[in-house]
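Give me a 3D structure for the following:
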Amino acid sequence: MTVTPDRPSSADSAAPAAESPATESIIERFISANRVYAETFKDGGMDARPVQKVAVVACMDARLDLFAALGLELGDAHIIRNAGGVVTDDTIRSLTISQRALGTRSIALIHHTGCGLLGLTEDFRHELEREVGQRPQWAVESFLDLDDDVRQSMQRVRTSPFLLHADDVRGFVFDVHTGLLREVR
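Residues are numbered from 1 along each chain as shown. So this is what the prediction gives:
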(Lines give C-alpha, C1' and ligand atoms only; values in the text may rest on other atoms or scores of the structure.)
Protein backbone atom coordinates (compact mmCIF):
# COMPACT_ATOMS: atom_id res chain seq x y z
CA MET A 1 0.00 0.00 0.00
CA THR A 2 3.01 2.31 0.23
CA VAL A 3 3.36 5.05 -2.37
CA THR A 4 6.93 6.10 -3.14
CA PRO A 5 7.46 9.82 -3.72
CA ASP A 6 9.49 10.91 -6.73
CA ARG A 7 11.57 13.37 -4.74
CA PRO A 8 13.55 13.17 -1.51
CA SER A 9 11.67 13.88 1.68
CA SER A 10 12.68 16.80 3.87
CA ALA A 11 14.32 14.27 6.21
CA ASP A 12 16.65 13.30 3.33
CA SER A 13 17.74 16.86 2.53
CA ALA A 14 21.11 18.27 3.53
CA ALA A 15 19.69 21.18 5.54
CA PRO A 16 18.14 20.06 8.82
CA ALA A 17 14.50 20.99 9.30
CA ALA A 18 13.59 23.24 12.20
CA GLU A 19 12.87 21.06 15.19
CA SER A 20 9.85 21.69 17.35
CA PRO A 21 9.33 20.36 20.83
CA ALA A 22 8.43 16.67 20.78
CA THR A 23 5.29 17.40 22.77
CA GLU A 24 3.87 19.85 20.22
CA SER A 25 1.85 18.21 17.45
CA ILE A 26 1.51 19.63 13.96
CA ILE A 27 -2.09 20.56 14.77
CA GLU A 28 -0.88 22.52 17.82
CA ARG A 29 1.54 24.35 15.51
CA PHE A 30 -1.40 25.17 13.21
CA ILE A 31 -3.25 26.71 16.15
CA SER A 32 -0.21 28.78 17.14
CA ALA A 33 0.34 29.92 13.55
CA ASN A 34 -3.33 30.86 13.27
CA ARG A 35 -3.11 33.09 16.33
CA VAL A 36 -0.20 34.95 14.72
CA TYR A 37 -2.12 35.17 11.42
CA ALA A 38 -5.26 36.47 13.14
CA GLU A 39 -3.32 39.33 14.81
CA THR A 40 -2.94 41.10 11.45
CA PHE A 41 -5.94 39.61 9.64
CA LYS A 42 -8.17 42.14 7.91
CA ASP A 43 -11.58 41.10 6.65
CA GLY A 44 -11.50 42.08 3.00
CA GLY A 45 -15.28 41.94 2.76
CA MET A 46 -15.07 39.23 0.11
CA ASP A 47 -18.15 37.42 -1.07
CA ALA A 48 -18.22 33.61 -1.26
CA ARG A 49 -18.57 33.96 -5.03
CA PRO A 50 -15.14 33.64 -6.70
CA VAL A 51 -14.08 36.86 -8.41
CA GLN A 52 -12.76 35.01 -11.50
CA LYS A 53 -15.86 32.76 -11.70
CA VAL A 54 -13.70 29.65 -11.98
CA ALA A 55 -13.47 26.35 -10.14
CA VAL A 56 -10.24 24.36 -10.14
CA VAL A 57 -10.24 20.61 -9.51
CA ALA A 58 -6.79 19.37 -8.59
CA CYS A 59 -4.90 16.70 -6.71
CA MET A 60 -4.34 17.09 -2.98
CA ASP A 61 -0.57 16.61 -3.49
CA ALA A 62 1.30 18.99 -1.20
CA ARG A 63 3.72 19.98 -3.99
CA LEU A 64 0.99 21.86 -5.88
CA ASP A 65 0.76 25.52 -4.85
CA LEU A 66 -2.21 26.31 -7.05
CA PHE A 67 -2.53 29.96 -6.10
CA ALA A 68 1.09 30.68 -7.08
CA ALA A 69 1.10 28.38 -10.13
CA LEU A 70 -2.08 29.87 -11.57
CA GLY A 71 -1.58 33.49 -10.52
CA LEU A 72 -4.59 33.43 -8.23
CA GLU A 73 -5.33 35.63 -5.24
CA LEU A 74 -7.49 34.83 -2.25
CA GLY A 75 -11.12 35.02 -3.36
CA ASP A 76 -10.41 34.39 -7.07
CA ALA A 77 -11.42 30.74 -7.42
CA HIS A 78 -12.98 27.71 -5.82
CA ILE A 79 -10.31 25.07 -5.30
CA ILE A 80 -11.58 21.49 -5.04
CA ARG A 81 -8.90 18.96 -4.15
CA ASN A 82 -8.85 15.20 -3.75
CA ALA A 83 -6.52 12.26 -4.31
CA GLY A 84 -5.61 12.39 -7.99
CA GLY A 85 -7.78 15.40 -8.80
CA VAL A 86 -10.29 12.97 -10.28
CA VAL A 87 -13.90 13.89 -10.94
CA THR A 88 -15.97 11.82 -8.53
CA ASP A 89 -19.60 12.16 -7.47
CA ASP A 90 -18.47 14.42 -4.63
CA THR A 91 -16.49 16.57 -7.07
CA ILE A 92 -19.63 16.95 -9.22
CA ARG A 93 -21.54 17.89 -6.06
CA SER A 94 -19.00 20.61 -5.24
CA LEU A 95 -18.91 21.88 -8.84
CA THR A 96 -22.71 21.96 -8.97
CA ILE A 97 -22.86 24.10 -5.82
CA SER A 98 -20.01 26.24 -7.16
CA GLN A 99 -21.90 26.94 -10.39
CA ARG A 100 -25.55 26.99 -9.36
CA ALA A 101 -25.23 28.73 -6.00
CA LEU A 102 -22.01 30.71 -6.34
CA GLY A 103 -21.76 31.72 -9.99
CA THR A 104 -18.71 29.96 -11.41
CA ARG A 105 -18.68 29.35 -15.16
CA SER A 106 -15.24 27.89 -16.02
CA ILE A 107 -13.60 24.70 -14.79
CA ALA A 108 -9.90 23.81 -14.86
CA LEU A 109 -8.90 20.22 -14.12
CA ILE A 110 -5.31 19.66 -13.01
CA HIS A 111 -3.52 16.33 -12.60
CA HIS A 112 0.24 16.16 -12.09
CA THR A 113 3.35 14.13 -12.79
CA GLY A 114 4.51 11.79 -10.06
CA CYS A 115 1.00 11.29 -8.71
CA GLY A 116 0.55 8.65 -6.03
CA LEU A 117 -2.51 7.27 -7.86
CA LEU A 118 -0.44 6.41 -10.93
CA GLY A 119 -0.26 2.65 -11.00
CA LEU A 120 -2.15 2.14 -7.73
CA THR A 121 -4.87 -0.47 -8.22
CA GLU A 122 -8.13 -1.53 -6.68
CA ASP A 123 -6.01 -4.01 -4.74
CA PHE A 124 -5.53 -1.06 -2.37
CA ARG A 125 -9.23 -1.35 -1.40
CA HIS A 126 -8.96 -5.12 -1.02
CA GLU A 127 -5.93 -4.72 1.28
CA LEU A 128 -7.85 -2.20 3.35
CA GLU A 129 -10.81 -4.56 3.60
CA ARG A 130 -8.56 -7.39 4.80
CA GLU A 131 -6.86 -5.08 7.28
CA VAL A 132 -9.90 -3.41 8.85
CA GLY A 133 -12.66 -5.91 8.10
CA GLN A 134 -14.82 -3.50 6.14
CA ARG A 135 -14.92 -2.76 2.40
CA PRO A 136 -14.48 0.94 1.55
CA GLN A 137 -17.55 2.38 -0.15
CA TRP A 138 -15.40 4.46 -2.50
CA ALA A 139 -13.34 3.59 -5.55
CA VAL A 140 -9.61 4.26 -5.59
CA GLU A 141 -9.94 5.97 -9.03
CA SER A 142 -6.34 5.11 -9.86
CA PHE A 143 -5.00 5.40 -13.38
CA LEU A 144 -2.09 4.37 -15.58
CA ASP A 145 -2.10 7.30 -18.00
CA LEU A 146 -2.35 10.92 -16.84
CA ASP A 147 -3.67 12.30 -20.12
CA ASP A 148 -6.36 9.62 -20.41
CA ASP A 149 -7.53 10.31 -16.88
CA VAL A 150 -7.66 14.07 -17.51
CA ARG A 151 -9.78 13.35 -20.60
CA GLN A 152 -12.05 11.08 -18.58
CA SER A 153 -12.44 13.78 -15.93
CA MET A 154 -13.29 16.37 -18.59
CA GLN A 155 -15.88 14.00 -20.05
CA ARG A 156 -17.47 13.43 -16.64
CA VAL A 157 -17.82 17.19 -16.18
CA ARG A 158 -19.09 17.84 -19.70
CA THR A 159 -21.77 15.14 -19.47
CA SER A 160 -23.04 15.86 -15.96
CA PRO A 161 -26.70 16.90 -16.08
CA PHE A 162 -26.23 18.93 -12.88
CA LEU A 163 -23.71 21.44 -14.23
CA LEU A 164 -24.96 24.56 -15.98
CA HIS A 165 -21.70 25.49 -17.68
CA ALA A 166 -19.70 22.74 -19.38
CA ASP A 167 -18.48 24.71 -22.39
CA ASP A 168 -15.35 26.12 -20.72
CA VAL A 169 -13.78 22.97 -19.26
CA ARG A 170 -10.07 22.47 -19.78
CA GLY A 171 -7.65 19.88 -18.49
CA PHE A 172 -3.96 20.04 -17.67
CA VAL A 173 -1.03 18.08 -16.33
CA PHE A 174 1.22 20.00 -13.94
CA ASP A 175 4.89 19.00 -14.04
CA VAL A 176 6.12 18.87 -10.43
CA HIS A 177 9.74 19.30 -11.58
CA THR A 178 9.32 22.35 -13.85
CA GLY A 179 6.14 23.97 -12.52
CA LEU A 180 4.69 24.11 -16.03
CA LEU A 181 1.16 23.18 -17.07
CA ARG A 182 0.63 21.12 -20.22
CA GLU A 183 -2.84 21.21 -21.70
CA VAL A 184 -4.56 17.92 -22.49
CA ARG A 185 -7.01 17.84 -25.37
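
Could I get the full set of strands for the chain?
Ranges of strands within the chain are 54-59, 77-82, 106-112, 169-174, 181-184, based on DSSP state E.

Next, format the ones you listed as CSV and append distance to residue 140, mean pLDDT and mean neighbour count.
(Glycine included, C-beta is placed from N, CA and C.) Shown next, in CSV, are the strands of the chain (distance: least, CB to CB, whole Å; pLDDT from 0 to 100; neighbours: other CB atoms under 10 Å):
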stretch, distance to residue 140, mean pLDDT, mean neighbour count
strand 54-59, 14, 98, 24
strand 77-82, 12, 98, 19
strand 106-112, 15, 98, 23
strand 169-174, 20, 98, 22
strand 181-184, 21, 98, 15
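
so what's the closest residue to residue 58 other than its chain neighbours up against?
Distances taken as CB to CB, 6 or more residues apart in numbering place residue 110 nearest to residue 58, at 4.1 Å, with adjacent residues excluded. If you count contacts by CB atoms under 8 Å, 6 or more residues apart in numbering, residue 110 has them with 56, 57, 58, 59, 64, 66, 85, 171, 172, 173, 174, 181.

on that earlier part again, distance to residue 94 for the strands of the chain - can I get that in TSV?
As requested, these are exported to TSV (distance: least, CB to CB, whole Å):
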stretch	distance to residue 94
strand 54-59	8
strand 77-82	5
strand 106-112	11
strand 169-174	15
strand 181-184	21
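
for the protein, which spans come out with low pLDDT?
The model of the chain has pLDDT under 70 over residues 1-22.

State which helix of it is the longest.
helix 26-40 (DSSP state H).

give me the beta-bridge partners of the residue nearest to residue 58?
Here residue 110 sits in beta bridges with residue 58, residue 172, going by DSSP bridges.

ok, it to residue 38 distance?
30 Å (CB to CB, to the nearest Å).

again, but for residue 77
Separation of residue 77 from residue 38 (CB to CB) stands at 24 Å.

likewise residue 157?
36 Å.

and what of residue 177?
Residue 177 is 36 Å from residue 38, where distance means CB to CB.

okay, now residue 139: neighbour count?
11 (other CB atoms under 10 Å).

For it, give me its contacts.
Residue 139 touches 88, 122, 125, counting by CB under 8 Å, 6+ apart.
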